[in-house]
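# predicted coordinates and the sequence they were generated for:
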Amino acid sequence: MHDHHESFWTKYIFSQDHKVIAIQYTITALLVGLFGLVLSWLLRVQLGFPGKFSFLNPGSYYQMLTQHGMIMIVYLLTAILLGGFGNYLIPLMIGARDMAFPFLNMLSYWVYLLSVLVLMAAFLVPGGPTGAGWTLYPPLSALPNAAPGSGWGIKLMLISLVIFIAAATMGGLNYVTTVLQCRTKGMTLMRMPLSVWGIFIASVMALFAFPALFVGGVMLLFDNLLGTSFFIPAVTLFGQQLPREGGNPLLFQHLFWYFGHPEVYIVILPAMGIASELIATHSRKPIFGYKAMVVALAAIAIIGFLVWAHHMFVSGMNPYFGFFFAVSTLIIAIPSAVKVYNWLLTLWRGNIRFNTPMLFGIGWISTFIIGGLTGLPLGNVIADVPLHDTYFVVGHFHLVMGVAALMAIFGGIYHWFPKITGRMFNERLGKLHFLVTFVGAYMIFFPMFLLGILGVPRRYFDFEALQYLPPQTHGLNIVITVAALIVGAAQLLFLGNLIWSAVRGPRAAANPWHATTLEWQTPTTPPPHGNWGAETPTVYRWAYDYSVPGAERDFIPQNVPLTPTVPMGVSAR
Amino acid sequence: MIANHGSNGYRESLTTPGRVGLWLFLAVATMLFAAFISAYIVRMGSSDWHSLPKPGLLWVNTAILLLSSAALQWARLNERQGNSQSARLGVIAAAVLSALFLLGQIWAWLVLHRLGYFLNTNPSSSFFYLLTAVHGLHLAGGLIVAAWTVRTRERLQLFVTYWHFLTIVWVVLFALIVLT
Amino acid sequence: MGEESIGMSMVTFGVLVAIVVGALALIASGIWWFTPLASNWSEIDGALLITLAVIGIAFVTLNLALAYLVLRYRHSEGTRAQFIPDNPKIEKILIGVTALGIIILLAPGLFAYSRFISPPRDAMVVEVLGEQWRWSYRYPGPDGKLGRATPKLISSKNHFGIDLTDPAAHDDILSYTELHLPVNRPVVLHIRSKDVIHSFFIPSFRAKMDAVPGMVTHYWFIPTREGRFQAVCAELCGIGHHKMQSPVIVESLEKFQEWLAKQPTVAATVKP
């Protein structure tokens, strides 16, 4: 297949192997995420113990807040789920040798890395990174000196985003084309594992959502750098009339959220797919309602493009839009709820193994429930009026797209670790990591709902000016901060476990979880460049033949032909 | 290089990854220009919008771009019939015409600049510079990638499809600019 | 494996139950709950409470179901999971229940919203102007009409950008520090911003709306209790965001008029 000699450089650095690129994406994203985590520590230290740390001032606070948000949403979650999991899982799970365009795939990683470097460079330039909030609303983000980091910081942020979009587009074209074109014999669409479905649909969404951010970002850069007035009306800043007029700040918000809301699902759909794999495999049961799960993913994606203005209920847009966007937003709750029910029904009458990946799968269900449910008051337009831009929102989106998505990511990394490295991780450390993270996440984010109901606005450096809060409010902030410090530190258990186990862990079997999907059926572990020896596998059955009655073992891999002794669990698929 | 095709058990397919990838990219680019156009239309509603003078040169540029598309179509037909000599001629003609179009667009910028319409004069001029630049970059990028990669018949066909797409996009943008 | 399954299954069960109990206890303590309402918007509280009740029931039910499932169906040697790929009947019932829950919380919400966006005709108009990092206010004066204002006229002598050629502007009354309102009278706020986006939020009244430069946004309410309240900024607006606040004083009509009479008028203070 490829008997030419591979040098160190082409094998590990400029590799076109989807698995190496996946690992590169994952490590880079985890490092950036670690940085984002440290930023959140500093934010929490300020809120829990205001005035105790002199290096924290409002300017640096808002800069760290902005960078934390952008880093976590775009450079960690999007990158690791599509670039990391998407790259590793798609070809292996559909029985392909690699992505459809391996060179473009490699380029995608290097362009992503460039976007990260530009992002980080903002910390070194005069004025520092932008502090205009991750939503980058103009005029705050566009005017000189209106926000911290309004010089080089905001420009580097926008340039980095534009570069990231280029990387994400290259990746997205690859993932979608690979799923459509490179499936092995017998791998029909409705036999694909839900992980592939989630990543596939999220990639389609990314392709259609990112252009709106690109357009908004470029126009904002023009406003910032070249004095245009796309988004800036006549304003007076610090007593000075600026030579701008007529621009429309809401136009940017529409462009931003036309991207921004689908972005939530770009993160959540792959996580849903990964969680489905964890839950089905480790409860030894077929995922309940596979077809409904696929339809729900597609429904969430389609409706997900029709709800963006629920972020703008009190933005000053035409108030009658509120009716439409409230209804469309709450309709999304139905496919989301179907997914939750089906995960629970997958556990029902199962044979649940309590290993680390499964614990994170259970953690995913619980945090997705609370995170998803708390979206309903925010989507119910009138209830959003008091809650908008309060800590209720902070608690909601952190639980649903932060904690829940990370539950799926952690679970997924533990689950596929034996395949990726050929070694087992330490179960005890994994379980400890889960318990601290899961319980800690509730302690951090649940009290925020109460802060939001009290009317505490988000993005506040301190709450000293607020006179309507009961004195016990600060107690909640101390609890949150202490929990955040502990949960953050617990992530070292995860990193340490991975690093140590990758080098020293006991050798793993080829299919340690007794899973049905193709990636566990490779002839060698870890799979080499090209994945499948001489022949790619042929698929005979759907992805979830677990505990089929009459079968000898409690799982039948997808590439096992149908015979009387190995019957098919589900016909007609 | 790992081949994803051939005798290793892939499903029979009516199309190729290259074609699927290109059409996906065209969908992405359509989204991009659609977002620009909707921003244009929204911004146009503000009272400070002034109509822009339209240099007659733009009509010439449009004609040149249409000709380049026609030349490529001619090349594609010839390639299909095996006249690689004529096909090559068509591609070269299209490349020259495209370069002319790009120069013409830059010239149009200079004309507007001389008339006192700068990037930040009015949203109409801001959009003009921005949209022509984005379209021009897609065109120039296409030329550069093509110079590197168009070696096979399939790739030539994909390139021609891409070019027709950019011509259509320009006609739409041009109509928008002329009508407002 | 088997024994460890029992241990972790119990631990997970315990943790899930503890989370549900802890969450309910935190709410039941009543310490961290709504600021007492001081406006007519009990409908907002009502819609929000119905929504919170529906999602609260769902949260408790689903998490307890999860806790039960992980306890009941833990792995044991010699047993096998049941092969249940789907069950359209259960799915349909669950979809029906979910849709019902959504209708229950959405319907009152939409009714309340339609009232929130339709201010009564006789409402008193007050202009709110946001800037980095304070709020100021303009009252229409005896003629009941706010004079024209435009951002281009804003200067150090003309804080609001008032157009002095508009006769309706001359009797307008300005307050640079406090918002005073008469109790039990509907008020509609006309909200503007001089520089970046702010958001005018009075937690005790439950209402909030962004102040966007280049636009005038609105909301209305009826203050129902006399007292001293607070307006804050709810949209990130720069390094002073967390300090951008203003007193809101609701008082009897007489006291309000007494206060208003002492404030400067446009005619007396604004120069072109």
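Here it is on my side, so go on. Residues are numbered from 1 along each chain as shown, chains lettered A, B, ... in the order given.

# contacts, neighbours, all on C-alpha from now
Fine.

# the helix or strand where A:Leu180 lies vs chain B: in contact?
Using DSSP states H and E, A:Leu180 maps to helix A:152-181. Yes. Helix A:152-181 reaches chain B (C-alpha under 8 Å from any C-alpha of the partner chain) through A:Leu173, A:Asn174, A:Thr177, A:Thr178, A:Gln181.

# burial of the second one, as a residue count?
For A:Asn174, the count of nearby residues is 26 (other C-alpha atoms under 10 Å in any protein chain shown).

# hmm, who's touching stretch C:81-89?
A:283-290, A:349-351, A:546-549, A:569-570 (C-alpha atoms under 8 Å, 6 or more residues apart in numbering or on different chains).

# would you mind listing the buried residues in that stretch?
Within stretch C:81-89, the residues that count as buried by 16 or more other C-alpha atoms under 10 Å in any protein chain shown are C:Ala81, C:Gln82, C:Phe83, C:Ile84, C:Pro85, C:Asp86.

# report pLDDT for the fourth one.
The one in question is C:Ile84. With respect to pLDDT, C:Ile84 scores 92.

# quick check, the residue in the stretch 151-272 of chain C closest to chain B?
Per C-alpha to the nearest C-alpha, C:Gly214 is where the stretch 151-272 of chain C lies closest to chain B, at 10.3 Å.

# my read: that residue touches A:Pro233, true?
Yes. Using C-alpha atoms under 8 Å, C:Gly214 is in contact with A:Pro233, at 5.3 Å.

# who touches both of these two?
By C-alpha under 8 Å, 6+ apart, the residues touching both C:Gly214 and A:Pro233 are A:Gly246, A:Gly247, A:Asn248.

# could you look up the SS state of the first one?
So the one you mean is A:Gly246. A:Gly246 carries the three-state label coil when classified by DSSP: H, G, I helix; E, B strand; the rest coil.

# excluding chain neighbours, what is closest to it?
In space, A:Gly246 comes closest to A:Pro233 once its chain neighbours are excluded; the distance is 4.5 Å by C-alpha to C-alpha, 6 or more residues apart in numbering or on different chains.

# repeat that for the last one.
Spatially, and ignoring its direct neighbours in sequence, A:Asn248 is nearest to A:Phe231 (4.4 Å; C-alpha to C-alpha, 6+ apart).

# count of neighbours near the one you found?
A:Phe231: 27 neighbours (other C-alpha under 10 Å).

# which among the contacts of stretch C:81-89 count as buried?
Looks like the contacts of stretch C:81-89 have A:283-290, A:349-351, A:546-549, A:569 buried, using 16+ other C-alpha under 10 Å.

# quick one on the thing from earlier: secondary structure added to the buried residues of stretch C:81-89, as JSON lines?
Output for those, formatted as JSON lines (three-state DSSP):
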{"residue": "C:Ala81", "secondary structure": "coil"}
{"residue": "C:Gln82", "secondary structure": "coil"}
{"residue": "C:Phe83", "secondary structure": "coil"}
{"residue": "C:Ile84", "secondary structure": "coil"}
{"residue": "C:Pro85", "secondary structure": "coil"}
{"residue": "C:Asp86", "secondary structure": "coil"}
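
# which residues in the chain form strands?
By default, I'm working from chain A. Secondary structure of chain A, counting by DSSP state E: strands at A:236-237, A:240-241.

# correction: the question concerned chain B.
For chain B, applying DSSP E gives no strands.

# which of the contacts of stretch C:81-89 come close to chain C?
When contact is defined as C-alpha under 8 Å from any C-alpha, the contacts of stretch C:81-89 meet chain C at A:283-290, A:349-351, A:546-549, A:569-570.

# tell me which of the residues you listed fall in helices.
A:Tyr290 (DSSP state H).

# isn't C:Thr177 up against C:Gln245?
No. C:Thr177 lies out of contact with C:Gln245 (C-alpha under 8 Å); the separation is 9.6 Å.

# pretty sure C:Val183 is touching C:Ile249, no?
No. Contact criterion C-alpha under 8 Å: C:Val183 and C:Ile249 do not qualify, at 9.4 Å.

# give the residues shared as contacts by these two.
Joint contacts of C:Val183 and C:Ile249 (C-alpha under 8 Å, 6+ apart) are C:Glu226.

# show me what contacts the residue of chain B found nearest chain C?
Relative to chain C, the nearest point of chain B is B:Ser46 (10.3 Å; C-alpha to the nearest C-alpha). Going by C-alpha under 8 Å, 6+ apart, B:Ser46 touches A:Gly246, A:Gly247.

# hmm, try it at 10 Å
By C-alpha atoms under 10 Å, 6 or more residues apart in numbering or on different chains, the residues touching B:Ser46 are A:Pro233, A:Glu245, A:Gly246, A:Gly247, A:Asn248, B:Pro123.

# how close does it sit to B:Leu112?
According to C-alpha to C-alpha, to the nearest Å, B:Ser46 stands 22 Å off from B:Leu112.

# what number of residues lie near the closest residue to A:Leu485 other than its chain neighbours?
Nearest residue to A:Leu485 in three dimensions, chain neighbours excluded: A:Trp41, at 6.3 Å (C-alpha to C-alpha, 6+ apart). Residues lying near A:Trp41 (other C-alpha under 10 Å) number 19.

# what about A:Trp41, distance to chain B?
Taking C-alpha to the nearest C-alpha, to the nearest Å as the measure, A:Trp41 falls 37 Å from chain B.

# for A:Pro148, see how far away that residue is.
20 Å.
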